[in-house]
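A.B. asks: With the sequence up front, the predicted model follows.
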Amino acid sequence: MIQAEEILQLLRKRPFQPFRVVLKDGKHYDILFHENNLVFRSCIDIGIPVAGMEDPVADHFETVMLDQIDRLELLQMSVGPTL
């Protein structure tokens, strides 16, 4: 089972690297911002960003129990053009 500390470690890493929370039923949530997530001992409230916005404003939260998480996957960071 994924522990709260594992998620906190990913959220606190600097620079932040987006990651995916994959549930045992196959559903997943992409964590693109560290600011809008709350980690508890038994669950995480995942802030779902406002559609089309590229900042950490959350539209709503999804509560996920930690025992329902299958794995955490790092996502590739998008790299902008170099000048």
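C.D. replies: Yep, that arrived.

A.B. asks: middle-most residue in this protein, spatially?
C.D. replies: For the chain, the residue nearest the mean C-alpha position is residue 31 (2.5 Å; C-alpha atoms, centre = their mean).

A.B. asks: For that residue, give me its contacts.
C.D. replies: By C-beta atoms under 8 Å, 6 or more residues apart in numbering, residue 31 lies in contact with 10, 11, 18, 19, 20, 21, 37, 46. Every residue, glycine included, has its C-beta placed from N, CA and C.

A.B. asks: and if we set it to 6 Å?
C.D. replies: residue 19 (C-beta atoms under 6 Å, 6 or more residues apart in numbering).

A.B. asks: measure it to residue 48 for me?
C.D. replies: For residue 31, the distance to residue 48 equals 10 Å [C-beta to C-beta, to the nearest Å].

A.B. asks: re the thing from before, so what's the residue nearest to the centre of the chain bridging to?
C.D. replies: residue 19 (DSSP bridges).
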